[in-house]
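J.: sequence plus the predicted model coming up.
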Amino acid sequence: MINEQLGFRFLALRLPGDGKLELLEPAGAESFLSSFLERRGEGVHHLTMLVPDIRASIAVLRARGYEPVQVRLEKPVWQEAFVHPRDGHGVLIQLVQSDRARASRGGETT
(Lines give C-alpha, C1' and ligand atoms only; values in the text may rest on other atoms or scores of the structure.)
Protein backbone atom coordinates (compact mmCIF):
# COMPACT_ATOMS: atom_id res chain seq x y z
CA MET A 1 0.00 0.00 0.00
CA ILE A 2 1.25 3.53 -0.71
CA ASN A 3 0.59 6.60 1.42
CA GLU A 4 1.04 9.28 -1.25
CA GLN A 5 0.69 12.19 1.20
CA LEU A 6 3.54 11.02 3.42
CA GLY A 7 5.62 9.53 0.60
CA PHE A 8 6.07 5.94 1.71
CA ARG A 9 4.94 2.41 0.95
CA PHE A 10 4.00 0.09 3.76
CA LEU A 11 3.00 -3.46 4.44
CA ALA A 12 1.15 -4.44 7.60
CA LEU A 13 1.42 -8.08 8.68
CA ARG A 14 -0.85 -9.57 11.33
CA LEU A 15 0.91 -11.65 13.97
CA PRO A 16 -0.46 -14.22 16.43
CA GLY A 17 -1.96 -12.74 19.58
CA ASP A 18 -3.32 -9.68 17.72
CA GLY A 19 0.17 -8.37 16.97
CA LYS A 20 1.05 -6.42 13.85
CA LEU A 21 4.33 -5.77 12.06
CA GLU A 22 4.54 -2.73 9.77
CA LEU A 23 7.27 -2.47 7.15
CA LEU A 24 7.85 0.98 5.63
CA GLU A 25 9.81 2.01 2.55
CA PRO A 26 10.28 5.51 1.08
CA ALA A 27 8.29 6.12 -2.10
CA GLY A 28 10.43 9.10 -3.05
CA ALA A 29 13.45 11.13 -2.04
CA GLU A 30 11.40 13.91 -0.45
CA SER A 31 9.55 11.95 2.23
CA PHE A 32 10.05 12.17 5.98
CA LEU A 33 11.06 8.52 5.85
CA SER A 34 13.86 9.18 3.34
CA SER A 35 15.36 11.90 5.50
CA PHE A 36 14.96 9.76 8.64
CA LEU A 37 16.80 6.85 7.01
CA GLU A 38 19.57 9.14 5.77
CA ARG A 39 20.14 10.36 9.35
CA ARG A 40 19.58 7.11 11.25
CA GLY A 41 20.01 4.24 8.82
CA GLU A 42 17.84 1.20 8.37
CA GLY A 43 16.52 -1.02 11.12
CA VAL A 44 13.77 -1.35 13.69
CA HIS A 45 12.42 2.09 14.56
CA HIS A 46 9.87 1.38 17.28
CA LEU A 47 7.77 -1.25 18.99
CA THR A 48 4.24 -0.50 20.15
CA MET A 49 2.79 -2.36 23.11
CA LEU A 50 -0.97 -2.18 23.70
CA VAL A 51 -1.49 -2.15 27.48
CA PRO A 52 -4.72 -2.39 29.49
CA ASP A 53 -3.68 0.27 32.05
CA ILE A 54 -1.11 2.79 30.89
CA ARG A 55 -0.76 4.47 34.28
CA ALA A 56 0.10 1.14 35.89
CA SER A 57 2.54 0.38 33.07
CA ILE A 58 4.24 3.76 33.57
CA ALA A 59 4.50 3.04 37.30
CA VAL A 60 6.19 -0.31 36.55
CA LEU A 61 8.67 1.40 34.21
CA ARG A 62 9.54 3.99 36.84
CA ALA A 63 9.89 1.33 39.54
CA ARG A 64 12.43 -0.40 37.29
CA GLY A 65 14.42 2.76 36.69
CA TYR A 66 13.04 3.90 33.31
CA GLU A 67 11.62 7.39 32.93
CA PRO A 68 9.00 7.49 30.15
CA VAL A 69 9.13 10.40 27.70
CA GLN A 70 6.41 12.13 25.69
CA VAL A 71 3.69 10.91 28.04
CA ARG A 72 0.27 11.85 26.64
CA LEU A 73 -2.69 10.88 28.81
CA GLU A 74 -5.14 13.68 27.96
CA LYS A 75 -7.37 11.81 25.48
CA PRO A 76 -8.95 8.53 26.64
CA VAL A 77 -9.24 7.32 23.05
CA TRP A 78 -5.42 7.24 22.68
CA GLN A 79 -3.00 7.48 25.60
CA GLU A 80 0.69 6.87 25.05
CA ALA A 81 4.13 7.00 26.60
CA PHE A 82 7.53 6.16 25.19
CA VAL A 83 10.77 4.61 26.39
CA HIS A 84 13.66 6.50 24.80
CA PRO A 85 15.88 4.48 22.42
CA ARG A 86 18.88 4.98 24.72
CA ASP A 87 16.93 2.95 27.33
CA GLY A 88 15.43 0.53 24.78
CA HIS A 89 18.63 -0.82 23.21
CA GLY A 90 18.33 1.58 20.28
CA VAL A 91 14.61 1.03 19.73
CA LEU A 92 11.84 3.48 20.64
CA ILE A 93 9.22 1.63 22.70
CA GLN A 94 5.67 2.99 22.67
CA LEU A 95 3.08 2.01 25.26
CA VAL A 96 -0.53 2.63 24.22
CA GLN A 97 -3.86 2.40 25.97
CA SER A 98 -6.60 2.91 23.42
CA ASP A 99 -10.37 2.51 23.45
CA ARG A 100 -10.18 2.55 19.63
CA ALA A 101 -7.70 -0.36 19.52
CA ARG A 102 -9.72 -2.30 22.12
CA ALA A 103 -12.91 -1.87 20.08
CA SER A 104 -11.21 -3.01 16.86
CA ARG A 105 -10.06 -6.19 18.64
CA GLY A 106 -13.55 -6.88 19.94
CA GLY A 107 -12.82 -6.73 23.64
CA GLU A 108 -10.32 -6.13 26.38
CA THR A 109 -6.61 -5.95 25.79
CA THR A 110 -4.31 -8.41 27.46
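T.: Great, that's in hand. Just so it is clear, the structure is predicted and the values come from calculations on it, not from any experiment.
J.: tell me which residue lies farthest from the centre of this structure.
T.: Within the chain, Ala29 marks the point farthest from the mean C-alpha position, 23.8 Å out by C-alpha atoms, centre = their mean.
J.: quick check: it vs Arg40, distance?
T.: According to C-beta to C-beta, to the nearest Å, Ala29 and Arg40 sit 16 Å apart. The C-beta positions use only the backbone N, C-alpha and C, and glycine is treated the same way.
J.: same question, Phe8
T.: Using C-beta to C-beta, we find Phe8 at a distance of 15 Å from Arg40.
J.: can you check Gln79 too?
T.: Counting by C-beta to C-beta - Gln79 and Arg40 are separated by 27 Å.
J.: spatially nearest residue to the most centrally placed residue in the chain, not counting backbone neighbours?
T.: Among the residues of the chain, the one closest to the centroid is Thr48, at 3.6 Å (C-alpha atoms, centre = their mean). For Thr48, ignoring the flanking residues on the chain, the nearest one in space by C-beta to C-beta, 6 or more residues apart in numbering is Gln94 at 4.4 Å.
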